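**Q** coords please:
(chains A and B)
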Protein chains: 2
Amino acid sequence: MQLETLFSPRSIAVIGASTKIGSVGYTLTENLLKNSYTGSIYPINPKADNLFGLPCYTNISLIPHEIDLAIIIVPASIVPLVLREVGEKGVHATIVISSGFKETGVEGKKLEDEITQISKKYDIALLGPNCLGFLRPSLGLNASFAKILPENGKIAFFSQSGALCTALLDLTHDSLGFSHFISIGNKAIIDENELLRFFASDTNTSVISFYTEGLIESKKIIEAGRAVLAGSEPKPIIALKSGTTTAGTQASSSHTGALAGSDDAYEALFKQARIIRAESLENLLNLLSIFSNNALPENNRVSIITNAGGLGVLATDAAVQNGLRIASFGEETKKKLRAVLPPSASVNNPVDVLGDALAIRYQNALEIVVADEETDMLLVIVTPQTMTEDVKTAEAIITIKKHYNKPIIAVFAGKESLEGGNALLRRNGVATLIYPEPGMQALGALARVADWRKQIAVPPIILQNIDKEKARIIIEKVKSENRTTPTEKEASDILKAYGFPFFATYEVRNKKEAKEAAQKIEKNVALKIISPDIIHKSDAGGVILDIDPKDMEVAYDRLLTNVKKNAPDAKIDGALVVEMAKKGGKELLLGLKKEPGLGTLLVFGLGGIYVETLKDVTMRFIPLSESDIDEMVREIKSFAILSGVRGEAGIDILYLKELLMHLAQFAIDFPEVAELDINPLLVFSKRTDFRVLDARIRLEKNTLP
Amino acid sequence: MQLETLFSPRSIAVIGASTKIGSVGYTLTENLLKNSYTGSIYPINPKADNLFGLPCYTNISLIPHEIDLAIIIVPASIVPLVLREVGEKGVHATIVISSGFKETGVEGKKLEDEITQISKKYDIALLGPNCLGFLRPSLGLNASFAKILPENGKIAFFSQSGALCTALLDLTHDSLGFSHFISIGNKAIIDENELLRFFASDTNTSVISFYTEGLIESKKIIEAGRAVLAGSEPKPIIALKSGTTTAGTQASSSHTGALAGSDDAYEALFKQARIIRAESLENLLNLLSIFSNNALPENNRVSIITNAGGLGVLATDAAVQNGLRIASFGEETKKKLRAVLPPSASVNNPVDVLGDALAIRYQNALEIVVADEETDMLLVIVTPQTMTEDVKTAEAIITIKKHYNKPIIAVFAGKESLEGGNALLRRNGVATLIYPEPGMQALGALARVADWRKQIAVPPIILQNIDKEKARIIIEKVKSENRTTPTEKEASDILKAYGFPFFATYEVRNKKEAKEAAQKIEKNVALKIISPDIIHKSDAGGVILDIDPKDMEVAYDRLLTNVKKNAPDAKIDGALVVEMAKKGGKELLLGLKKEPGLGTLLVFGLGGIYVETLKDVTMRFIPLSESDIDEMVREIKSFAILSGVRGEAGIDILYLKELLMHLAQFAIDFPEVAELDINPLLVFSKRTDFRVLDARIRLEKNTLP
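**A** Numbers count the residues shown, from 1 in each chain, chains lettered A, B, ... in the order given. Next up is the predicted model:
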């Protein structure tokens, strides 16, 4: 797709350029002309002769020049017609500003499908419909009807909400710089996935960020996200996703027609794709400011310099809450600090330079602290005290920042009294905030991204004991009978074919067979009567538990006697000999869940009755790697229990991982599986003791014949 | 204590008033004089004749007038001397600005103890030492060395950190109004508890707020907090507590010498005292703005009006995350909205008035939405679109706010382009923010406070089966033997005296006694050999589990045979007959933990091996009421399991509450208990099946003889 042409056009046709002041067609043409953009502009308006001194054309086909980009601002109903003309002209990049498509209902959706088809036919990179356009400060190009062209910078931002674009342009115009600022509207052709891939290799961009209400194709997002971060010039990706709650989802679908998925799935997706998820709009802006002004840190140790002890404590709390460590200075550093600070100052971290600190004291402390090898990142707090020199202190911070590649954030906790210093910092590429806590939150995110870059070696898991064909036959049978739910027996046979351990079970006809079965099982067993006339086996005395194999003959006789006494007329076909569960196992849940549009989640966590209340689960989209599975297993709170507590032996973690990988393979082999629950899987220190107690599978309805 | 005199003095002596420009003694005297304060000022400086035109005295005793307040700014070492003179003069209110006390170490602590003694002797309400002073805008009184006197208002604020005071004064001077702004320093005499009680009845104050690094005496705080909220004019209390993490605590103790307690204990304390805990400094300011400008809501339903769908979705998410409900409009309201809004606007909540909304459209929507009885609170979002009328829209909001007693927050998501409207809102008592999420967080807090006001009737719990004397005798014996840890037997006997159910156990000498014991227990039992020569009973075949009482004689014979075979020379004294645990119980933890300075916590939650990893626990300070215990039980995540899931019967919750109340009574009766763990308590649907499996008690060392 020709995104390069879209975002760097040499010539632009504006179809629907208007002479009516204040209209979108007027504002957009004005925006194209009033900045420093040097390409050619061709307004198209059959009713006007010229606009802003440019001659108007009645139709794009009549323009005697090559057109790189067509911007369409005509009523929705005639967009298909116009788009065909654009295609015929040989234009391969379009913005459809017009609304009246998917967001308005069924009729609009049809219209949108039509323009999608046309775009594909003519190979048009189409932005929108129902969008604001895009802005490229470096080209002086405002191809949108938003008023403000932001500063040029390294952030590529795209948003599903146009109004959010307008608000962000207003909020950031004196603080953040953008390489691209894009309103993607209904995403008929160009969606988040396309743009992620594009910005991965865009040399003007060093931070990628977006606002979304719903994504599709987890596999592509994960691949793109990981690729962007793995390269030699990693680009952090920051996303704000709304519609996280049920109520939010309702609002979302009534708003742009986007089907928002469940929040847990998105949490998993962002983690897996190595995308930092902003907690709020404010948090997004803080993250953008700090990520665009700083390199990734070596490690997660932070140093704090402050002229107010209380704020140092708040910063320390926030650091720890965000997974950072407080740098522990060496003796040499402390000695140097003692030499430049007053006796009552604190030379430990946080360094308290005291309320009467002039700029020179900050400067001295900064030079010593930033040079300490424990300092991976630095947060400098300045509160407005009587003696505070905000501008000079800002200068000292700027100088240090220039000489070190370590992330440095300034917290200037004041308004007008510190505005001079603040403005200087902003102009010189130092991220500055008013409060310490959001600064630590952002440094925590920065350290997380740095950590993601570190590949941890995890031993490969070899898939074995998989009999795909056997599972396929059972699943085909279920489908051929027009069922979505395999029986208990079918579900266990399917999972056995993927190596899952179930309780050994034998049907026996007599005492001798019962004994042989018990001896094969080599453990205590249960004996259950088989009779077409007996439904409640226990009530009829038809169940005996915990039988030692050597006592089987006696037990079998007792079973028959019991049943005869309670149900004298019942026809007896024999009995089931079933392995008893070993005691002391932990209960886990393993599952699959298909998220519409996104993909299938592998779910793992604490099982049994605790699943729903304690929700100690984690999930990842399939396909996944050994290291994903390793992360999953370590991530649940109960991991400590699995790995052994209070001198108890841990469970066989490697085997657990193998089973998870088998389940992931099963989901890949059978995409018709909509949901699967293994709950509980009983796990033990010995892999041979693992057993599935209960398993259910549900197939997708639309895969039935 | 004469806090009224301290905060409303008619005359002030400044001991240490200085002629040196920029010194604290100079600045403070200047601050007293330069505002509109009308009381008399008496500078005391033996070396100067006059200061700012006022005659200087060499000693307070020489002032020929009555003095209400003495401000002391002399070196720490002579503060005791000066304070005695203040006392002799009959002054009952003092601020000690001077530092050099507890915060500097052991010597300073001695000095601080001395001034505490002097204050008590002369009944002096002493603020500080090591503080900034206080400010009272309504009196034009700046009795501090901070530069800015804030706006007059309804917020009483006090802070343990002086530097935080300075930063807050700067950050809030054009947005928040204060009745009192107080730096409490080392809290030698006047601490948070004193001030909470004072502001409870102060008619100038409607919101109380403080920053602390550590509190004492939970009982007083809880009583004060609850009383402040229960009155006819409830005053919300908002606290920012730092030193929440281990690292934070270290920083805290190195900073002001405050011993910060564990964060969980403070979380419990604030909840119990009905104090809203701010999450960060920024959150504190947001909460103050929204609480001081709004009454408490009737209920927790919020309505949203926005001109940007995306921000509406973000606001909806944030509302639900903060425990609010999205108001569901009646048909009448929707009909009215349809009549005033364009067809493509959303008349559901959030109401989307669309990007081109002029002020009149906002006004129409506001009037309809605020009048809907589902609207308990209202959040109005304005983003800067081309047509947006920020000032007129602000006017509409201000008018609505004046006519309704419902909380209303404005989110003006822009900078300069919306500053006109923003400023107008601030001046007219409408809390205004830039982002929607913190607004919803604050509305959530407001709803929580309103909810706290609603008393929920909980049936009384009658304490019975408590034999305090029996427990006392055992505890006295442990102490007399210079032990802090009772044996297992002693611990169970102590808890039995407080009605806790343990497994029935009998020592028997022979088969006949064993049978009788088993019959008394009326359940399956275990039999364990008693022999001084056998340590590992199981290894010697000395344990038989799960014996039906009717099989006891056979089992007893088998036990003796087993043991004789394995340990032929062991002396046999008989056996223990022990009740077996019923199967299927849930494991809970009940405990006590003393927090130094604060009081004793009652801890309750999920027990067994899950305690440490899942941390599904809650806690409250003792003493507590039935409703506290009710809250605790409902608060843990596992409550759903306790109350029954998947058709399982729930446990006897009432009995569980009785046991918690018994344990609380035990902590009151025996304050020497430092820690107590009942883990697990096995619980069932029938109270007679409850059993304590394991219990440990530790007494405080310093209560030993």
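**Q** Please count neighbours and contacts with C-alpha atoms only from this point.
**A** OK.
**Q** which element follows the lowest-mean-pLDDT helix or strand in chain A toward the C-terminus?
**A** Scoring the helices and strands of chain A by mean pLDDT, DSSP states H and E places helix A:246-256 at the bottom, with a mean of 35. The helix or strand immediately downstream of helix A:246-256 is helix A:263-272, counting by DSSP states H and E.
**Q** how about that next one: buried residues?
**A** A:263, A:265-272 (16 or more other CA atoms under 10 Å in any protein chain shown).
**Q** Determine which two of those residues are furthest apart.
**A** Using CA to CA, the buried residues of helix A:263-272 span at most 14.1 Å, a distance reached by A:D263 and A:Q272.
**Q** follow-up on the earlier one: for B:S280, state which of the buried residues of helix A:263-272 is nearest.
**A** The shortest gap between B:S280 and any of the buried residues of helix A:263-272 belongs to A:E267, at 24.1 Å (CA to CA).
**Q** how about the closest one, what does it touch?
**A** The neighbours of A:E267, taking CA atoms under 8 Å, 6 or more residues apart in numbering or on different chains as the test, are A:R277.
**Q** tell me the phi and psi of whichever residue of the stretch 451-600 of chain A sits closest to chain B?
**A** Across the stretch 451-600 of chain A, no residue is closer to chain B than A:K586, which sits at 10.7 Å (CA to the nearest CA). Backbone geometry at A:K586, expressed as degrees, to the nearest 10, gives phi -100, psi 150.
**Q** Might one say that it is in contact with A:D689?
**A** No: with contact defined as CA atoms under 8 Å, A:K586 does not reach A:D689; the gap is 11.2 Å.
**Q** Show me whatever sits in contact with both of these two.
**A** By CA under 8 Å, 6+ apart, the residues touching both A:K586 and A:D689 are A:V683.
**Q** secondary structure element for the spatially closest residue to A:F52 that is not a sequence neighbour?
**A** Leaving out its chain neighbours, the residue that sits closest to A:F52 by CA to CA, 6 or more residues apart in numbering or on different chains is A:E30, at 7.7 Å. Using DSSP H and E, A:E30 sits within helix A:24-34.
**Q** and that helix, how far out from the chain's middle?
**A** Centroid separation for helix A:24-34 versus its chain: 37 Å, with CA atoms, centre = their mean, to the nearest Å.
**Q** Could you point out the helix or strand that follows it?
**A** Next in line after helix A:24-34, if elements are assigned by DSSP H and E, sits strand A:40-44.
**Q** could you say what helices and strands that next one packs with?
**A** Applying 3 or more CA pairs under 8 Å, 6 or more residues apart in numbering or on different chains; DSSP states H and E, one finds that strand A:40-44 contacts strand A:11-15, helix A:24-34, strand A:54-55.
**Q** and A:L196, what element?
**A** Going by DSSP H and E, A:L196 is in helix A:192-200.
**Q** typo on my end, it should be A:S344
**A** Using DSSP H and E, A:S344 falls outside every helix and strand.
**Q** Could you pull up phi and psi at it?
**A** Residue torsions, per degrees, to the nearest 10, at A:S344 are phi -90, psi 0.
**Q** before we move on, the earlier item: give the contact list for the residue of the stretch 451-600 of chain A closest to chain B.
**A** A:K586 touches A:642, A:681-684, counting by CA under 8 Å, 6+ apart.
**Q** So A:I304, which state does it fall into?
**A** strand (DSSP: H, G, I helix; E, B strand; the rest coil).
**Q** My guess is it contacts A:N349. True?
**A** Yes: contact status for A:I304 versus A:N349: in contact at 6.2 Å, counting by CA under 8 Å.
**Q** The two: which is more packed in?
**A** A:I304 (29 against 22; other CA atoms under 10 Å in any protein chain shown).
**Q** Specify the beta-bridge partners of the more buried one.
**A** On the basis of DSSP bridges, A:I304 is bridged to A:L379.
**Q** Show the pLDDT at it.
**A** pLDDT recorded at A:I304 is 98.
**Q** Just list the residues touching it, thanks.
**A** A:312, A:315-316, A:349-351, A:378-381.
**Q** okay, those in a markdown table with pLDDT next?
**A** Shown next, in a markdown table, are those (pLDDT from 0 to 100):
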| residue | pLDDT |
| --- | --- |
| A:G312 | 94 |
| A:A315 | 96 |
| A:T316 | 95 |
| A:N349 | 95 |
| A:P350 | 95 |
| A:V351 | 96 |
| A:L378 | 98 |
| A:L379 | 98 |
| A:V380 | 98 |
| A:I381 | 97 |
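**Q** what's the most buried one of the helices and strands packed on strand A:40-44?
**A** strand A:11-15 (a mean of 24; mean count of other CA atoms under 10 Å in any protein chain shown).
**Q** Could I get the average pLDDT for that strand?
**A** In this model, strand A:11-15 has an average pLDDT of 97.
**Q** follow-up on the earlier one: let's see if you can find the most crowded of the contacts of A:I304.
**A** Busiest of the contacts of A:I304 [other CA under 10 Å] is A:T316, holding 34 neighbours.
**Q** That one contacts A:A327, correct?
**A** No: counting by CA under 8 Å, no contact exists between A:T316 and A:A327, whose distance comes to 10.5 Å.
**Q** intersection of neighbour lists for those two?
**A** Contacts common to A:T316 and A:A327, judged by CA under 8 Å, 6+ apart, are absent.
**Q** For A:K47, the count of nearby residues, please.
**A** 11.
**Q** and the closest residue to it other than its chain neighbours, backbone torsions?
**A** Excluding its sequence neighbours, the residue lying closest to A:K47 (CA to CA, 6+ apart) is A:T58, at 7.6 Å. When read as degrees, to the nearest 10, the backbone of A:T58 gives phi -90, psi -20.
**Q** Show the contacting residues for the closest residue to A:T485 other than its chain neighbours.
**A** Excluding the flanking residues, the one nearest A:T485 by CA to CA, 6+ apart is A:R698, at 4.8 Å. Contacts for A:R698 were tallied using CA under 8 Å, 6+ apart; they are A:484-486, A:673-676.
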